[in-house]
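**Student:** Predicted model and sequence below, questions to follow.
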Amino acid sequence: MEYSVKSGNPEKQRTACIVLGVFEPRKLTATAEQFDKIADGFISNILRRGDLEGKLGQVLLLHHVPNALSDRVLLVGCGKERELGDTQYQSIISKAITTLNETGSMEAVCFLTELNVKGRDSQWKVKQAVQASEESLYSFNQLKTKSEPERRPLRKLIFNVPTRRELSEGEEAIKQGEAVARGVGLAKDLANLPGNICTPTYLAEQAIKLAEDNQKVTTSVLDEAELKEMGMGAFISVSQGSDEPGKLITIEYKGADADVKPIVLVGKGITFDTGGISLKPGAAMDEMKFDMGGSAAVLGTTQAVIEMDLPINLVTVVAAAENMPSAKASRPGDIVTSLSGQTIEILNTDAEGRLVLCDALTYVEKFDPDVVIDVATLTGAIIVALGHKTSGLMSNHNPLAHDLLNAGELAADKAWRLPIWEEYQEQLDSNFADMANLGTAGAGSITAACFLARYTRKYQWAHLDVAGTAWKKGKAKGGTGRPVPLLTQYIISRAANS
Ligand code: BES
Ligand code: MN
Ligand code: ZN
């Protein structure tokens, strides 16, 4: 899709369709009202007859509107004016886009970006409109042999801003929105691909692709023999049960001077989580193909950062392995030595994420990081705590935690902080090793993060548990691309303040 911004009057748009908002009950938005006057009250007449109440998500497509230069006018219900917040705005845009796409308008000028959304400026509304549009047009068809081509799909979308002064900001918003949306798209694709295709090797190939034709980006991949040699006993203890070779993938992006400390992203990349010898129950086990959702998100974010050519240094590390039961798999009770030298008693082989992550988190010390942020579908417990709306955030550094919470708020990709106070640490005590990989009952997400905290003492660190947010269940089952918007926003803000 081609996006652009302009500033003009609705009646002057020579296009296939213009899109206008109507609040509940039957109240025209300012732009719609202005247009209605020129159309001799055509729209207000129709509303009076009861064709559109203005409820959130209602639509009405009109043809032959008097004095309009556009072929059609699409009215979109915006709900109650006072209740218009982020989520309402997103659903208004997405309803408009799907309707345009299904009703043969190949081009449209959209005035919904002029709606008043609580606390949001034009730039935010344009950026979110691009992301919401891409969100509603996304489909994963690459593994279906029969796909129906759209008859006359929407190709060109023009967002209107109130004044010409907002045009250059609007253009910047489109660039950012497209980069984030493509990052989200990559993350969704990777999460949706099954475990037999999206293997650790496949993830490595994707990372190598990101470095192609770009002087600023280099990718390197360590194989199991090298990881063993280095002493990554925790990582290997997971990967050894699988015939798919595990990989530690590193992408370095140099957008700033060499002496600027990098932001480091680490992703959990379990390409399939059976639970290992502590085998998971069968129900919905297919969904464990998305246990590399953290990796998908850091790869998507990296792609967006490269596309925006941001003036920061970024290191992205993906800990990619498959968690399988086999004769070579770790047993409950096995004790392994991590790269940090600390020993771990594996009480449950299904708590594998922290095992691959702890070695990756020790490994990244060598980059002398400014901050390290790991992203992982780490615990089912985070779904109990926060459901599927909010990612869990845990951190050893208050300013970093606040920056990430703010980025999530700004990107409409929210996180909420949980504590990792010292008093939880005793839940990881082991009689036989330095620590167990499993906490005693209660606070499962916190004890998982407390485990990781033992490997991140040398730098400022935050952990995002996205087990609830990286994947959607139900009819629209699939990857969400979260938290690419949050992470990208954090890095954009960092770049702006550098
Ligand atoms: N990948 C799972 C966590 C998960 C659960 C992600 C549901 C997405 C949806 C993780 O490896 C796991 O199995 N965690 C265990 C930890 C437990 C054994 C301490 C869990 O949450 O049950
Ligand atoms: Mn598991
Ligand atoms: Zn897992």
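**Tutor:** Structure received. Ligands and ions are numbered 1, 2, ... in the order given.

**Student:** hey, where'd the strands end up in the stretch 351-498 of the chain?
**Tutor:** Remark: strands assigned in the stretch 351-498 of the chain by DSSP state E, counting those that start in this stretch are 371-376, 391-395, 415-417, 435-436, 461-465, 471-472, 478-479.

**Student:** can I get those in a markdown table with mean pLDDT and distance to ligand 1?
**Tutor:** C-beta coordinates here come from the backbone N, C-alpha and C atoms, glycine included. Output for the strands of the stretch 351-498 of the chain, formatted as a markdown table (pLDDT from 0 to 100; distance: least, C-beta to the nearest ligand atom, whole Å):
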| stretch | mean pLDDT | distance to ligand 1 |
| --- | --- | --- |
| strand 371-376 | 99 | 8 |
| strand 391-395 | 99 | 12 |
| strand 415-417 | 99 | 16 |
| strand 435-436 | 99 | 10 |
| strand 461-465 | 99 | 9 |
| strand 471-472 | 96 | 7 |
| strand 478-479 | 98 | 12 |
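
**Student:** wait, which of those is closest to I174?
**Tutor:** strand 478-479 (23.9 Å; C-beta to C-beta).

**Student:** so can I have TSV of the strands of the stretch 351-498 of the chain showing mean neighbour count?
**Tutor:** As requested, those are exported to TSV (neighbours: other C-beta atoms under 10 Å):
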stretch	mean neighbour count
strand 371-376	28
strand 391-395	26
strand 415-417	18
strand 435-436	21
strand 461-465	28
strand 471-472	20
strand 478-479	22
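
**Student:** right, so of those strands, which gets closest to L347?
**Tutor:** strand 435-436 (4.9 Å).

**Student:** what's the closest one packed up against?
**Tutor:** The contact analysis (3 or more C-beta pairs under 8 Å, 6 or more residues apart in numbering; DSSP states H and E) places strand 435-436 against strand 343-345.

**Student:** Does the strand it packs on reach ligand 1?
**Tutor:** No. Strand 343-345 is not in contact with ligand 1 by C-beta under 6 Å from any ligand atom; minimum separation 13.2 Å.

**Student:** between the strands of the stretch 351-498 of the chain, which gets nearest to ligand 3?
**Tutor:** strand 371-376 (8.1 Å; C-beta to the ion).

**Student:** what angle separates the closest one from strand 391-395?
**Tutor:** For strand 371-376 against strand 391-395, the angle by axes from the mean of the first three to the mean of the last three C-alpha atoms, to 10 degrees is 140 degrees.

**Student:** and the protein, which residues reach ligand 2?
**Tutor:** With C-beta under 5 Å from the ion as the criterion, the chain meets ligand 2 at residues 273, 350, 352.

**Student:** By neighbour count, which of those residues wins?
**Tutor:** Within those, neighbour counts (other C-beta atoms under 10 Å) peak at E352, which reaches 30 neighbours.

**Student:** give me every residue that touches that one.
**Tutor:** 238, 270, 273, 276, 321, 323 (C-beta atoms under 8 Å, 6 or more residues apart in numbering).

**Student:** rerun at 10 Å
**Tutor:** 234-235, 237-239, 241, 268, 270, 273-276, 278, 291, 321-323, 330, 346, 378, 437 (C-beta atoms under 10 Å, 6 or more residues apart in numbering).

**Student:** swap in F290?
**Tutor:** 188, 190-193, 195, 198, 270-273, 296, 377, 466-467, 470-472, 477-480.

**Student:** For ligand 1, give me its nearest residue in the stretch 101-250 of the chain.
**Tutor:** Nearest residue of the stretch 101-250 of the chain to ligand 1, counting by C-beta to the nearest ligand atom: V238, 9.7 Å away.

**Student:** so which helix or strand takes in that residue?
**Tutor:** Remark: V238 resides in helix 233-239, with elements defined by DSSP states H and E.

**Student:** Next, find the distance separating the residue of the stretch 251-400 of the chain found nearest ligand 3 from V317.
**Tutor:** In the stretch 251-400 of the chain, no residue comes nearer to ligand 3 than D273, which is 3.7 Å away by C-beta to the ion. To V317, D273 is 19 Å away according to C-beta to C-beta, to the nearest Å.

**Student:** try T15
**Tutor:** For T15, the distance to V317 - C-beta to C-beta - is 46 Å.

**Student:** Who has more neighbours out of the two?
**Tutor:** V317 (26 against 18).

**Student:** who are the neighbours in contact with the residue of the stretch 251-400 of the chain found nearest ligand 1?
**Tutor:** Residue of the stretch 251-400 of the chain nearest ligand 1, by C-beta to the nearest ligand atom: G380 (3.3 Å). Residues in contact with G380 (C-beta under 10 Å, 6+ apart) are 280, 350, 444-445, 467-468.

**Student:** Pull up the residues of the stretch 251-400 of the chain that are close to ligand 3.
**Tutor:** 270, 273, 291, 353.

**Student:** Pipe those into JSON lines and attach distance to K458 and pLDDT per row.
**Tutor:** Listed next are these as JSON lines, based on distance: C-beta to C-beta, whole Å; pLDDT from 0 to 100:
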{"residue": "I270", "distance to K458": "25", "pLDDT": "99"}
{"residue": "D273", "distance to K458": "28", "pLDDT": "98"}
{"residue": "D291", "distance to K458": "27", "pLDDT": "98"}
{"residue": "G353", "distance to K458": "21", "pLDDT": "99"}
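
**Student:** how about the residue of the chain found nearest ligand 2, what does it touch?
**Tutor:** Closest to ligand 2 within the chain is D350: 3.9 Å, counting by C-beta to the ion. D350 makes contact with 273-280, 288, 323, 332, 380, 437-438, according to C-beta under 10 Å, 6+ apart.

**Student:** which SS state does it fall under?
**Tutor:** Judged by DSSP: H, G, I helix; E, B strand; the rest coil, the three-state class of D350 is coil.

**Student:** Quickly find the element holding D36.
**Tutor:** Using DSSP H and E, D36 falls in helix 30-38.

**Student:** sorry, that was for E135
**Tutor:** Using DSSP H and E, E135 falls within helix 122-137.

**Student:** Just the C-alpha atoms of that helix, please, in CSV.
**Tutor:** Presented in CSV, the C-alpha positions along helix 122-137 are these (Å, rounded to 0.1, in the frame of the first residue of the first chain):
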residue,chain,number,x,y,z
SER,A,122,-1.4,14.5,14.3
GLN,A,123,1.8,12.6,14.0
TRP,A,124,0.7,9.9,16.4
LYS,A,125,-2.6,9.6,14.6
VAL,A,126,-1.0,9.2,11.1
LYS,A,127,1.5,6.7,12.4
GLN,A,128,-1.1,4.7,14.1
ALA,A,129,-3.4,4.8,11.1
VAL,A,130,-0.6,3.3,8.9
GLN,A,131,0.0,0.6,11.5
ALA,A,132,-3.7,-0.1,12.0
SER,A,133,-4.2,-0.3,8.2
GLU,A,134,-1.4,-2.8,7.7
GLU,A,135,-2.7,-4.7,10.7
SER,A,136,-6.1,-5.1,9.1
LEU,A,137,-4.7,-6.1,5.7
